[in-house]
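Enquirer: Pasting the sequence and the predicted coordinates here, then a few questions.
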Amino acid sequence: MFIDKVKIFIKGGDGGNGCVSFRRERNIPKGGPDGGNGGKGGDVILCGDRNLSTLIDFELNKVFIAKRGGHGEGSNRYGKEGEDLIIKVPLGTVVKDFNTGEILGDIVTHNQTLLVARGGKGGRGNASFKSSTFQAPKIAEKGGKGEEKTLVLELKVIADVGIIGYPNVGKSTLLSKISNATPKIADYPFTTLSPNLGVVKIEEFSFVWADIPGLIKGASKGTGLGDEFLRHIERTLVLVHMIDVSAIDRDPIEDYENINNELKLYSSELVKKPQVVVANKIDILSSKENFNRLKKYLSQRKIKLFGISALKSIGIKELVFEVFNKVKKIKESERSK
């Protein structure tokens, strides 16, 4: 099961209490205060782990509390610090405060850490209160409370290329042909219920493609689970917009405009991403008229249309190299900044 959004409760460990104690040693009739301080509570820390791919573990465990600090003891013995709680999350996890909506961090690299709740301070023992005018303090502090927060974890797939389009247009088939991915493929809507990833290698250059589950009109408002998947497009560098030109019950031009409109409604930045428009299933006889109409429509807008058959591997090589050049150019531009 692919889980990409969860709500959890976290709490830093409470600090240990300070101790009230006085020295009781032979030959020291006026023993002074020797109560030690309490230990600090453990912090709660999120840590990126490249071996995780979903947030499914948080469906079973939603409460995370770090260890409290040990209490201070006599003879100026300090309490032990509480152990930090390290919570592993997949790369691409965005961390938000549930109550304020503030983004606390974005975990994108292996072993990257994010402190999300601090442990409470240890309370001072009575030895800390001794002064020239206060020789025998009988007071000590209680440990401080650890921070408490309710977090929302959102997973946004990290991929260079996102394949988008209506359900059943051939996205999973294309991914299986060009990469090492083995997505589930069948001839019905919403075959893919989670993003599939595949690595495409050209020469020494590797880049990641993601098959984004099918979008439909109204996706930005939640229709057809669309808004659950649109977030995964946000990190991509290039979008491969796939259209089924063999469909006799849909207009490819309308499909193209509908998907772009949903991107715009969800985020004005999404629709600005570079797109490579692909007409799939050109091997089917009924596709010729639709393909020509779409090609003419796009050429008037100076947009190139690639015709392919993902199933029969027609035109795929040209498509992959086009996407490869766009991704490489963007990455080189980013490195030069």
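Expert: Arrived safely, thanks for sending. No experiment lies behind these values; they were computed from the predicted model shown. Residues are numbered from 1 along each chain as shown.
Enquirer: Residue 81 touches residue 72, doesn't it?
Expert: No: taking contacts as CB atoms under 8 Å, residue 81 lies outside contact range of residue 72: 11.9 Å. No exception for glycine: its C-beta is placed from N, CA and C like everyone else's.
Enquirer: Now do the shared contacts for these two.
Expert: Shared contacts of residue 81 and residue 72, defined by CB atoms under 8 Å, 6 or more residues apart in numbering, are found at 39, 122.
Enquirer: secondary structure class for residue 231?
Expert: Recorded secondary structure, residue 231: helix (DSSP: H, G, I helix; E, B strand; the rest coil).
Enquirer: State the pLDDT value of the nearest residue to residue 85 once chain neighbours are set aside.
Expert: Spatial nearest neighbour of residue 85, chain neighbours left out: residue 66 (4.0 Å); criterion: CB to CB, 6 or more residues apart in numbering. Predicted confidence (pLDDT) for residue 66: 98.
Enquirer: Number the chain from 543, please
Expert: Will do, 543 is the new start, and the previous item becomes residue 608.
Enquirer: if I read this right, residue 608 contacts residue 583, doesn't it?
Expert: Yes: checked against CB under 8 Å, the pair residue 608 and residue 583 is within contact range at 6.3 Å.
Enquirer: overlap in contacts of these two?
Expert: By the contact definition CB under 8 Å, 6+ apart, residue 608 and residue 583 are jointly contacted by 554-555, 624, 661, 688.
Enquirer: Using a markdown table, please lay out those residues together with distance to residue 755, neighbour count and secondary structure.
Expert: Converted to a markdown table, the shared contacts of residue 608 and residue 583 look like this (distance: CB to CB, whole Å; neighbours: other CB atoms under 10 Å; DSSP: H, G, I helix; E, B strand; the rest coil):
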| residue | distance to residue 755 | neighbour count | secondary structure |
| --- | --- | --- | --- |
| 554 | 37 | 31 | coil |
| 555 | 40 | 29 | coil |
| 624 | 42 | 27 | coil |
| 661 | 40 | 30 | coil |
| 688 | 39 | 27 | coil |
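Enquirer: hang on, the earlier thing: from the neighbour counts alone, determine which of residue 623 and residue 614 ranks first.
Expert: When neighbours are counted by other CB atoms under 10 Å, residue 614 comes out ahead of the other of residue 623 and residue 614, with 31 against 21.
Enquirer: Let me see the contact set for the more buried one.
Expert: Residues touching residue 614, when contacts are defined by CB under 8 Å, 6+ apart, comprise 558-561, 577-581, 620-621, 664-665, 667, 682.
Enquirer: Ok, residue 857 next?
Expert: Shown in contact with residue 857 (CB under 8 Å, 6+ apart): 824, 848-851.
Enquirer: how does it look with 7 Å?
Expert: Residues counted as contacts of residue 857 (CB atoms under 7 Å, 6 or more residues apart in numbering) are 848-851.
Enquirer: which residue ranges form the strands in the stretch 643-792 of the chain?
Expert: For the stretch 643-792 of the chain, applying DSSP state E, counting those that start in this stretch gives strands covering 645-649, 655-659, 690-697, 703-706, 738-744, 747-753, 780-786.
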